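**Q** with the input below, show me the fold.
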Amino acid sequence: MKDILLILLLQLIYVPVLTLRTIFLVKGMSTYASLFGVIESLIYVFGLSIVFSGEQSVVQMVVYAVGFGLGIVVGSFIERKLAIGFTTFMVNLPAKNESLIADLRQGGFGVTVFHGEGRDSIRYQLEILTKRNREDELFRIIEDHEPRAFIISYEPRKFKGGFLLKTLKKAKKTS
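**A** Now for the predicted structure:
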């Protein structure tokens, strides 16, 4: 029974570490990724050695697999809480909403406004880059002003310059 609980615990640590390693690698943070890789491999080898030592118990193998699945849930939860990186929102509006734009800018969001032609009318598009940990706040502001806005978000891989980077650099200097 002790081995089964240890296997489950190891999987609940191993998979979130694997998730974070992958995220750091994708985001180009190789130092963190390599550190998590070392931790991941140690846990992996230790966990497998328990499962495959002596008699292989079907229960141990099932607990190993179930722990892996539960670890994915835990790893996803941790990743959402850390909210590493940035998101770009493209917001399409039927009319230029000056109060929305002003509230976003007052809230510290950099907003670029584009004017375009839709199928039936003139449309306005807002492009907003924000840290992922502010996504929900941004979405609420947009919803409060424009409940029918068409919103697309995506994660930019690289960017240079602009309002957000200037703001981040100023914040670093004052800390």
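**Q** which pLDDT value belongs to residue 96?
**A** Turning to residue 96, the model gives it a pLDDT of 92.
**Q** is it true that it touches residue 123?
**A** No: assessed by C-beta atoms under 8 Å, residue 96 is found out of contact with residue 123, at 9.6 Å. In this view, the C-beta of every residue, glycine as well, is placed from N, C-alpha and C.
**Q** and the two? Which one has more around it.
**A** Applying other C-beta atoms under 10 Å to residue 96 and residue 123 shows that residue 123 carries more neighbours, namely 17 against 13.
**Q** thinking again about what came up before, need the overlap of contacts for residue 96 and residue 123.
**A** residue 115 (C-beta atoms under 8 Å, 6 or more residues apart in numbering).
**Q** residues contacting the host helix or strand of residue 8, please?
**A** With elements taken from DSSP states H and E, the one containing residue 8 is helix 2-26. With contacts defined as C-beta under 8 Å, 6+ apart, helix 2-26 is touched by 30, 32-33, 36-37, 39-40, 43-44, 46-47, 50-51, 59-60, 63-64, 66-68, 70-72, 74-76, 78-79, 82, 84.
**Q** mind checking which of those residues are buried?
**A** 33, 36-37, 40, 43, 47, 50-51, 60, 63-64, 67-68, 71, 74-75, 79 (16 or more other C-beta atoms under 10 Å).
**Q** okay, buried residues for stretch 13-28 please.
**A** Using 16+ other C-beta under 10 Å as the test for burial, stretch 13-28 gives 13, 14, 15, 16, 17, 18, 19, 20, 21, 22, 23, 24.
**Q** again, but for stretch 79-90
**A** 79, 85, 86, 87, 89.
**Q** which among the buried residues of stretch 13-28 gets closest to residue 149?
**A** Nearest to residue 149, judged by C-beta to C-beta, of the buried residues of stretch 13-28 is residue 23 at 28.9 Å.
**Q** how much space between the closest one and residue 108?
**A** Distance from residue 23 to residue 108, counting by C-beta to C-beta, to the nearest Å: 25 Å.
**Q** tell me the angle of the strand or helix carrying residue 81 relative to helix 2-26?
**A** Using DSSP H and E, residue 81 falls within helix 58-82. Computed with axes from the mean of the first three to the mean of the last three C-alpha atoms, to 10 degrees, the direction of helix 58-82 lies at 40 degrees from that of helix 2-26.
**Q** packing partners for whichever helix or strand comes after helix 58-82?
**A** Next along the chain after helix 58-82, taking DSSP H and E as the criterion, comes strand 86-93. Under the contact criterion of 3 or more C-beta pairs under 8 Å, 6 or more residues apart in numbering; DSSP states H and E, strand 86-93 touches strand 122-131, helix 135-145, strand 150-154.
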